[in-house]
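Q: Give me coordinates for this.
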Amino acid sequence: MEKVLKKKENYTIDATGKVLGRLSSEIAKMLQGKLEVGFERHIGSGNSVTVLNASKLKMTEKRKKETMHETYSGYPGGLKYRNNADIITKKGYAELVRLAVYGMLPGNRLRAPMMKKLTIEE
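A: Predicted coordinates for the structure are as follows:
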């Protein structure tokens with residue numbers, strides 16, 4: 001059987017006026033290659049995604065204050081919570097988009113190579 005090489009796509013998305021969750025799920029689908037005909041979940045697609053104008057995302061004040069992200073250092077007492085407003089002030093909207101996409105990708109060996117193919121510009 002002959003193996004067919006897939007063409008790697010370069011996607012560009014303008015985030016102006018889009019909601020974070022819906023934008024992130026579209027990015028995750030593109031990175032996984034689910035929009036292509038020859039999708040295979042155990043093979044990385046190699047697609048790259050560039051997000052423009054991440055700072056112009058549509059987000060309510062309630063969403064900024066009430067949505068929490070947790071990190072754990074592995075040590076006792078090392079559990080920390082941050083809300084979206086803290087992440088935006090310290091690292092910007094790009095980090096918020098990166099966290100959302102990271103959570104929507106499958107947690108296997110393909111996640112790290114897919115995240116390297118994601119470029120976010122404020």
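Q: Name the SS class of the closest residue to Glu122 other than its chain neighbours, please.
A: Distances taken as C-beta to C-beta, 6 or more residues apart in numbering put Ser55 closest to Glu122, at 4.6 Å, once the chain neighbours are dropped. All C-beta atoms are positioned from the backbone trio N, CA, C, and that covers glycine. Following DSSP: H, G, I helix; E, B strand; the rest coil, the label given to Ser55 is helix.
Q: all helices for this structure, in order.
A: For the chain, applying DSSP state H gives helices covering 20-32, 61-66, 84-91, 93-104, 111-116.
Q: Show me where this protein dips below the pLDDT cut-off.
A: Residue ranges of the chain with pLDDT under 70: 1-5.
Q: circling back to that earlier point, can I get the helices of the chain in TSV with distance to Ser48?
A: As requested, the helices of the chain are exported to TSV (distance: least, C-beta to C-beta, whole Å):
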stretch	distance to Ser48
helix 20-32	8
helix 61-66	28
helix 84-91	22
helix 93-104	13
helix 111-116	9
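Q: Tell me the spacing between the residue nearest to the spatial centre of the chain and Leu79.
A: With distances taken as C-alpha atoms, centre = their mean, the residue of the chain nearest its centroid is Val101 (2.0 Å). Separation of Val101 from Leu79 (C-beta to C-beta, to the nearest Å): 23 Å.
Q: just Ala112 next, same as before
A: Taken as C-beta to C-beta, the span from Ala112 to Leu79 is 24 Å.
Q: Likewise for Gly33?
A: Distance from Gly33 to Leu79, counting by C-beta to C-beta: 35 Å.
Q: again with Ala94
A: 25 Å.
Q: neighbour-wise, which of these two wins?
A: Legend: neighbour count by other C-beta atoms under 10 Å for Ala94 and Leu79, higher for Ala94 (18 against 11).
Q: If we ignore the residues flanking it in sequence, what's nearest the more buried one?
A: Ile120 (4.1 Å).
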